[in-house]
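>>> compute the structure for the input listed below.
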Amino acid sequence: MAKPVQPLLELVRKGTFREDRKNHRQLLGDPGTPDLPFVVLADLQQRMRTSDNEFEARKIARAFRNAVELEHAAPADLANDGPRVKRERAELREELRKLGPPGSAKQAIAFFPRFLRWPDGRPFELNPSQKLFARDLYKRDRRRQRVFEEALLGVPRGQGKTPFCSGLSLLAECQGDDLPHAELGLEAKVFQVAGARHQAALGTEYASRWVEDGELGAWLRVKGSSIASRDGRDLFSVLSADGRLSHGRKFRRGTYDELWLATTYREVQNYVALETALQKDQEADLIAISTAGHDRSTKLGQLYDRGLACPDVRVSKDGCRIIASDPENGFLMHWYGAPSEADLEDPAIVRACNPGLHTDVEAILRQLRRSRNGQDEQGEDEYEKRRLLFNQWTAVKNPWLAPGAWRQLYAEGVEVPAGAEIYVAVDAAYTGDCTAVVYAWRDPDGRIHLRARVWSTSDRWLAHRYVNEPTLDNEQLVEPYIHELAGKFKVRQIVFDPEYFVTEAKHLANDGFEVVAMYPQAGDMSDAVRAMYRAVGEGKIGHDGDRVLTGHVESAQKKKVIRGTKEFTAIDKGPGGAKIDGATAAIMAHWAALGGDTGEFVGGLDWMREGEGDE
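Numbering: from 1, shown residues only. Below is the predicted model of the structure:
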């Protein structure tokens, strides 16, 4: 005979509720079970009653079990309607209100020295730049609504980004529902994300130490890698590195530390998941704190460019401080970094880029000089020091195109007309790389417009589509796409690098396309590189702002190749092996559209012995 299930209240009092037991879950969700006399547990009980799927039910039961465990730290309160819970939350609310009005910049600025201390005992006093950011971040309109819900703070290394980020997160957790437009009883969940796992751990280490060693321990507790209020609510935790698992969450504050490290699809999805959930809570915000990156086509680069395009942009401190705001769309950016033309050895520039109170200007200058002399012990070159110490964007050491030149060619609103003559170029790969197809159309004014499609097997690289296979099947990817283009336009010619596209070129030639091989080592390719370089400088190229093509083009570095007695101009991959296949295909497509001598006609493939070049 099965042992009868104890009443839910008895399971709570004894702390024996088990979320993995079906009868316990059924008891929790049974409308006939008496309501529990504890605020938090009763709320979970009601949610369980209205749950309509097993996944959600298990999630609620797990939260119920956690709340019961936390309450058993003081079991006497369970028999007394949870007065400890109400008392502690009221005490915390009162302490915060002493610092300033709920949700105000005044309260936020005072929170740091009041509750947070450095290991040596000094209070955490915000520096002027951090206070300025806080005053903008917490601005409210006449209806007391938050003005900014998405913010970017860009500062160099060593300026206290991570502890500042963690302190803001702790404040949001402590505020709970004591905000002008917060939903009563809302679990003010706070999520922290970082571009690397060790960076996320640093953030939680700061927050955990402040809770365990300071006054916040009276209201909060560290539980594993998370922080919770003593009634089990208001969790502050780190999201998974796989952003695909982060969608659907409701939160009060999301912070992304060192966004420049987010380059893969999964990493960027963490930001996207939080960004698209902001509307779920009127008091929610999302803050990205980062140094500059290498690639302006990344998520960080997009936010930076969005800041520069804001209706209100204020530049000061010799161009080293940019404060941009777009109140209508709720976006704010504070960026500290040296302009490209700045004299980095000027102490005033160093100070302007590094606004911290304890910045050692001479130490920064010594690091820069060591890198310039090739004496840096960590092997970091001058370009890395420019990025880390002066917050400069440093895509490549020897860029093929001048910084910003490609972006100036954006041709807004230009559509390639149906039936137009186009020239298609293919730079293909099989594994660990990208396959790029770029087509070119020459408008009546002679300007050549480029459009791209890029595939990759790895989300480490910029692409339009990621293939969940070890290799790229170009026959199944590229050939149908070219036939799709042929259905819209008149494909005059297809040029390609023969290394990984021989079989597909045969198929396309047999289908009636004019197919031309263009060898990377040939003089024509060098001519094509120079021709496109000139066209960019003269503004004779247009594009649709595609971030993938932009990333490939801006990652390209210039190099010289010597063959015999001749010197050729070529392009090379960017830092970290950043892919430039889109740039290579764009160069070939542009050259074909110019009517350049692009190599041998491949119609019958007489130039190639059967099977030669196949992989």
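>>> for the stretch 51-200 of the chain, which segments count as helices?
In the stretch 51-200 of the chain, the segments counted as helices under DSSP state H, counting those that start in this stretch are 54-71, 83-99, 105-115, 128-137, 161-175, 197-213.
>>> relative orientation of the third one and helix 128-137 in degrees?
Think helix 105-115. Interaxial angle of helix 105-115 relative to helix 128-137 (axes from the mean of the first three to the mean of the last three Cα atoms, to 10 degrees): 140 degrees.
>>> show me what counts as buried in helix 105-115.
If you call a residue buried by 16 or more other Cβ atoms under 10 Å, then helix 105-115 has these buried ones: Ala105, Gln107, Ala108, Ile109, Ala110, Phe111, Phe112, Arg114, Phe115. Quick note: C-beta positions are derived from backbone N, CA and C, even for glycine.
>>> any idea of the mean pLDDT for that helix?
The pLDDT scores in helix 105-115 average 96.
>>> which other helices and strands does that helix contact?
On a contact count with 3 or more Cβ pairs under 8 Å, 6 or more residues apart in numbering; DSSP states H and E, helix 105-115 meets helix 83-99, helix 128-137, helix 161-175.
>>> list of residues touching that helix?
By Cβ atoms under 8 Å, 6 or more residues apart in numbering, the residues outside helix 105-115 that reach it are 95-97, 99-101, 123-126, 131, 134-135, 137-139, 167-168, 170-171, 174, 210, 214-216.
>>> okay, angle between that helix and helix 83-99 too, please.
110 degrees.
>>> just the angle between helix 105-115 and helix 197-213, please?
Per the same axes, to 10 degrees, the angle that helix 105-115 makes with helix 197-213 is 70 degrees.
>>> centre of the chain to helix 105-115, how far?
Distance of helix 105-115 from its chain centroid, counting by Cα atoms, centre = their mean, to the nearest Å, is 28 Å.
>>> distance check, Leu27 against Glu19.
Distance of Leu27 to Glu19, given as Cβ to Cβ, to the nearest Å: 11 Å.
>>> so Val426 is in which element?
Element membership for Val426, per DSSP states H and E: strand 421-427.
>>> what about the next helix or strand after that strand, average pLDDT?
Next in sequence after strand 421-427, counting helices and strands by DSSP H and E, comes strand 434-442. The average pLDDT within strand 434-442 is 97.
>>> buried residues in the strand holding Val426, which are they?
Ile422, Tyr423, Val424, Ala425, Val426, Asp427.
>>> which stretches of the stretch 201-350 of the chain have low pLDDT?
201, 230-234, 240-242, 245 (pLDDT under 70).
>>> which residues in it form helices?
Going by DSSP H, counting those that start in this stretch, the stretch 201-350 of the chain shows helices at 265-275, 299-308, 347-353.
>>> that older thread, dump the buried residues of helix 105-115 to TSV, plus distance to Asp544.
Below are the buried residues of helix 105-115 laid out as TSV (distance: Cβ to Cβ, whole Å):
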residue	distance to Asp544
Ala105	41
Gln107	46
Ala108	41
Ile109	44
Ala110	49
Phe111	46
Phe112	45
Arg114	51
Phe115	50
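>>> from these, pick the one nearest Arg370.
Phe112 (34.1 Å; Cβ to Cβ).
>>> check contacts around the closest residue to the closest one other than its chain neighbours.
Nearest residue to Phe112 in three dimensions, chain neighbours excluded: Phe124, at 4.4 Å (Cβ to Cβ, 6 or more residues apart in numbering). For Phe124, the contact set (Cβ under 8 Å, 6+ apart) comprises Phe112, Pro113, Leu116, Arg117, Trp118, Pro163, Gly167.
>>> derive a ChimeraX selection command for the buried subset of those.
This is how ChimeraX selects the buried members of the contacts of Phe124, with burial counted by 16+ other Cβ under 10 Å:
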select :112,116,117,163,167
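>>> give me the neighbour count for the nearest residue to Lys385 once chain neighbours are set aside.
Spatially, and ignoring its direct neighbours in sequence, Lys385 is nearest to Ser371 (4.6 Å; Cβ to Cβ, 6+ apart). For Ser371, the neighbour count with other Cβ atoms under 10 Å is 20.
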